[in-house]
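Asks: fold the following for me, if possible:
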Amino acid sequence: QLQLVESGGGLVQSGGSLRLSCAASGFILDSYHIGWFRQAPGKAREGVSCISLSVGMTTYADSVKGRFTISRDNAKNTVYLQMNSLKPEDTAIYYCAADISRLSGLCMLRAPYSYWGQGTQVTVSS
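Replies: This next block holds a predicted model:
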């Protein structure tokens, strides 16, 4: 059974950093496109970043470009989201998800991600 578990969230001051982890079980992580998403209270879910299967090409939302970095450790079957220069508007629940509908090409934040983790809360204080 495919399962994703996020960790690493917390409370940080504006300008600080956090690293989120997305650990996979039941499948090999680099076999699928993996995305990070976030949802703030009262707002729609937003795609943050994704990493393509196999070759590991990355994509970022404009709102986080230059501040966030997605990476993958195949030995640990884990995807990370390094978040630097955090802002209060980054406050949200962060989820990782797997897109199993496409087994080639590059990841897309608007793809139909079908397996989701439970989320981890990130709170950035001003």
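
Asks: only C-alpha atoms for contact and neighbour calcs from this point on.
Replies: OK.

Asks: and the strands in this structure?
Replies: Assigned strands in the chain, in chain order: 3-7, 10-13, 18-25, 33-39, 46-51, 58-60, 68-73, 78-83, 92-99, 115-116, 120-125 (criterion: DSSP state E).

Asks: just checking, what packs against the first one?
Replies: This means strand 3-7. Counting contacts by 3 or more Cα pairs under 8 Å, 6 or more residues apart in numbering; DSSP states H and E, strand 3-7 packs against strand 18-25, strand 92-99, strand 115-116.

Asks: what's opposite the residue positioned nearest the centre of the chain in the beta bridge?
Replies: In the chain, the centroid-proximal residue (Cα atoms, centre = their mean) is residue 36; its distance is 2.2 Å. With DSSP bridges applied, residue 36 shows beta-bridge pairing to residue 49, residue 96.

Asks: let me see the contact set for it.
Replies: By Cα atoms under 8 Å, 6 or more residues apart in numbering, residue 36 lies in contact with 47, 48, 49, 50, 81, 94, 95, 96, 97.

Asks: residue 59 too?
Replies: Counting by Cα under 8 Å, 6+ apart, the residues that residue 59 touches are 49, 50, 51, 107, 108, 109.

Asks: now it: how far from residue 50?
Replies: 5 Å (Cα to Cα, to the nearest Å).

Asks: how many neighbours does residue 24 have?
Replies: Residues near residue 24, counting by other Cα atoms under 10 Å, number 21.

Asks: for residue 71, see how far away it is.
Replies: Using Cα to Cα, residue 24 is found at 14 Å from residue 71.

Asks: which of the residues in stretch 75-89 are buried?
Replies: Neighbour-count burial for stretch 75-89 flags 78, 79, 80, 81, 83, 84, 86, 87 (criterion: 16 or more other Cα atoms under 10 Å).

Asks: pull out the buried residues from the contacts of residue 59.
Replies: Applying 16+ other Cα under 10 Å to these, the neighbour count classes 49, 50, 51, 107, 108, 109 as buried.

Asks: reformat these as JSON lines; add pLDDT.
Replies: Listed next are these as JSON lines, based on pLDDT from 0 to 100:
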{"residue": "49", "pLDDT": "98"}
{"residue": "50", "pLDDT": "98"}
{"residue": "51", "pLDDT": "97"}
{"residue": "107", "pLDDT": "94"}
{"residue": "108", "pLDDT": "93"}
{"residue": "109", "pLDDT": "94"}
